[in-house]
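> quick one: sequence plus predicted model below, questions after.
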There are 2 protein chains.
Amino acid sequence: MTDKPIPDVIVGRLPRYLRALRQMSEAGAQTTSSQELGERLGISAAQIRKDLSQFGEFGKQGTGYSISFLVRQLQAILKVDRTWEMVLVGAGDLGHAIAGYNGFANWGFHVAMVFDNDPQKIGKKIDEYTILDMSELSPKIKESGIQVAMITTPASAAQEVVDQLVKAGIKSILNYAPINLHVPNSVKVQYIDPVIHLQRMTYYLD
Amino acid sequence: MTDKPIPDVIVGRLPRYLRALRQMSEAGAQTTSSQELGERLGISAAQIRKDLSQFGEFGKQGTGYSISFLVRQLQAILKVDRTWEMVLVGAGDLGHAIAGYNGFANWGFHVAMVFDNDPQKIGKKIDEYTILDMSELSPKIKESGIQVAMITTPASAAQEVVDQLVKAGIKSILNYAPINLHVPNSVKVQYIDPVIHLQRMTYYLD
């Protein structure tokens, strides 16, 4: 492990390696190579070896990588060898789908609370969650020490919600609202925006 | 416009420029600069100028870019100056949220049909869509000439669905199922996977 900061673009590839390695493991594989991993992900084997070498020596020339070892190492590097509680803001259709998503468990995440500002929704249940009033957002975050949030509000509400989240101590935000958010440098934002993904494919269509 | 293929990574940034420019326009702005756009997106001004210069001369030194002109140019480059019909496969909670999403209109996309293989769901309505049987997937795609699909099935079903989509003529796939898909080189896939985005942020948490 070096002390130099790892480039963000490399960090961004590690979760994809972890996803693919766990799929291989579930399919019964015990070892893999940078070639095999690369083919699966559309990334060159050289790139994968270079990325992983930033964090230490994970494989031996010729024998490849132990999948279970590499999975554990990547989980530790990405800090998902623990479970991060999350708040979800926005209890519309998308919030509903995300609150009920069963793909967070075992991958390091758990939705702890769901908030909305609609009096028609507050107090109602979606899955096991009772929808909480936005007025409770800040105290609940501070009390729980939660650092991760997901936003599924309309675009028009998202910046105000983010400002509240940041003030309350949130450090990582996954934003589903189709708008660019302004946050301090100490806060990370990732965007999920289907239009952005679709548009980069239509470029290639006739 | 040059004849050299534009690197995929540049194409991938254009939808983000378009999103930001339209937000500026909605806020009443008429011109912008690569500096302003860059600050908004966390991309260097030099990178933005370089990216845009791949496609022609869009701005003048000192006077900046006309937002409406640049929006029209980007829409034409990304081929979203028209509307792409899409099929959606998977009518669960997430499929429901996506079928009802109002962020596709005006951005070049429209959900035309929704499919599922669950007899409990087939024939029922979500929003204005009557859920269609998977057995109709291939003939409906061929008949309509649709090239774009979104997948919101469970991971275990996604590859089989993709194989059907590709055979029927789909060229662009937005995949919400948390699994890597195998497709021919002629087919583009983009992934939406909240865990991948969350994990690249927890790396930076303590």
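Sure, I can see it.

> low-confidence stretches in chain A?
Chain A contains residues with pLDDT under 70 at A:1-3, A:60-61.

> so which residues of it form helices?
Listed in chain order, the helices of chain A (DSSP state H) span A:8-26, A:34-41, A:45-53, A:67-77, A:93-99, A:137-144, A:155-168, A:194-202.

> will you turn the ones you listed into a markdown table that also has mean neighbour count?
Backbone N, C-alpha and C define where each C-beta goes, glycine included. Formatted as a markdown table, these follow (neighbours: other C-beta atoms under 10 Å in any protein chain shown):
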| stretch | mean neighbour count |
| --- | --- |
| helix A:8-26 | 18 |
| helix A:34-41 | 18 |
| helix A:45-53 | 16 |
| helix A:67-77 | 17 |
| helix A:93-99 | 23 |
| helix A:137-144 | 15 |
| helix A:155-168 | 18 |
| helix A:194-202 | 22 |
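
> quick one, which of the ones you listed is nearest to B:V80?
Smallest distance to B:V80 across the helices of chain A (C-beta to C-beta): 5.6 Å, for helix A:194-202.

> angle of that closest one against helix B:67-77?
60 degrees (axes from the mean of the first three to the mean of the last three C-alpha atoms, to 10 degrees).

> tell me what the spatially most central residue of chain A is bridged to.
In chain A, the residue lying closest to the centroid (C-alpha atoms, centre = their mean) is A:L174, at 7.0 Å. Beta-bridge pairing for A:L174 (DSSP bridges): A:M150, A:Q190.

> and for A:P5, the neighbour number?
The number of residues packed near A:P5 is 7, by other C-beta atoms under 10 Å in any protein chain shown.

> the longest strand along chain A and chain B, are they touching?
Of all segments of type strand in chain A, defined using DSSP state E, the longest is strand A:109-116. Yes - residues of strand A:109-116 contacting chain B under C-beta under 8 Å from any C-beta of the partner chain: A:F109.

> also stretch A:73-82?
Yes - residues of stretch A:73-82 contacting chain B under C-beta under 8 Å from any C-beta: A:77-80.

> end to end, how far does that stretch reach?
Taking C-alpha to C-alpha, to the nearest Å, the first and last residues of stretch A:73-82 lie 13 Å apart.

> domains in chain A, by residue range?
Taking automatic domain parsing as the criterion, chain A consists of the domains A:8-77, A:84-196.

> do you know which of the helices of chain A lies nearest B:Y203?
Here helix A:8-26 is closest among the helices of chain A (C-beta to C-beta), at 5.1 Å.

> the closest one - contacts with which helices or strands?
Counting contacts by 3 or more C-beta pairs under 8 Å, 6 or more residues apart in numbering or on different chains; DSSP states H and E, helix A:8-26 packs against helix A:34-41, helix A:45-53, helix A:67-77, helix B:194-202.

> residues in contact with the third one?
Helix A:67-77 is contacted by residues A:14, A:17-18, A:21-22, A:24-25, A:29-32, A:52, A:55-56, A:58-59, A:81, A:108, B:203 when judged by C-beta atoms under 8 Å, 6 or more residues apart in numbering or on different chains.

> quick one, that helix and helix A:45-53 angle?
60 degrees.

> swap in the first one?
The directions of helix A:34-41 and helix A:45-53 differ by 110 degrees, with the same axes, to 10 degrees as the criterion.

> just to revisit the earlier point, you'd agree the residue nearest to the centre of chain A is up against A:I192?
Yes - with contact defined as C-beta atoms under 8 Å, A:L174 reaches A:I192; the gap is 6.5 Å.

> now do the shared contacts for those two.
In contact with both A:L174 and A:I192: B:194, B:197, using C-beta under 8 Å, 6+ apart.
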